[in-house]
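Novice: My questions are about this predicted structure, shown below with the sequence.
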Amino acid sequence: IDGANRRQQIRYITLPLLAPAMTVSVMLLLTGGLKVYEVPFALTKGGPGFETHTITQVIVLRGITETQYGLASAISIVFFLIVLVIAYFQVTLMQKREDRIQ
């Protein structure tokens with residue numbers, strides 16, 4: 001810290017210490033954004049037409065409203081696998097970034 005200007009403090013001290021927290025925050029925000037249900041449903045109920053339907057709304061619609069439990073389960077599993085792959089790549093990228101910062 002002695003003799004370091006503000007830019008060096010941020011680059012060599014602040015960012016390396018914040019990198020793990022940023023990794024977790026980005027992962028939680030990404031997965032939370034993928035499984036959003038309440039806001040689009042409350043605002044538009046999926047309309048006009050099916051323009052604002054999310055995958056979670058389709059799962060609920062098929063499983064509960066239309067009682068197609070098998071289809072809803074299959075969509076849920078595929079959605080889970082997609083979220084898992086996206087989260088894996090995101091965490092891998094963020095960990096590489098952490099290593100590069102340190």
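Specialist: In hand now; what should we look at?

Novice: any idea which helix or strand carries residue 19?
Specialist: Taking DSSP states H and E as the definition, one finds residue 19 inside helix 15-34.

Novice: What residues sit buried inside that helix?
Specialist: Across helix 15-34, burial judged by 16 or more other CB atoms under 10 Å covers 19, 23, 27. In short, each C-beta sits where N, CA and C put it, glycine included.

Novice: Nearest residue to the middle of the chain?
Specialist: Residue closest to the mean C-alpha point of the chain, counted by CA atoms, centre = their mean, is residue 30 at 1.5 Å.

Novice: hmm, back to that, JSON lines for the buried residues of helix 15-34, including distance to residue 7?
Specialist: JSON lines is the format used below for those (distance: CB to CB, whole Å):
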{"residue": "19", "distance to residue 7": "17"}
{"residue": "23", "distance to residue 7": "23"}
{"residue": "27", "distance to residue 7": "28"}
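
Novice: Contact partners for the nearest residue to residue 60 once chain neighbours are set aside?
Specialist: Spatial nearest neighbour of residue 60, chain neighbours left out: residue 37 (7.3 Å); criterion: CB to CB, 6 or more residues apart in numbering. Listed by CB atoms under 8 Å, 6 or more residues apart in numbering, the contact set of residue 37 reads 54, 56-57, 60.
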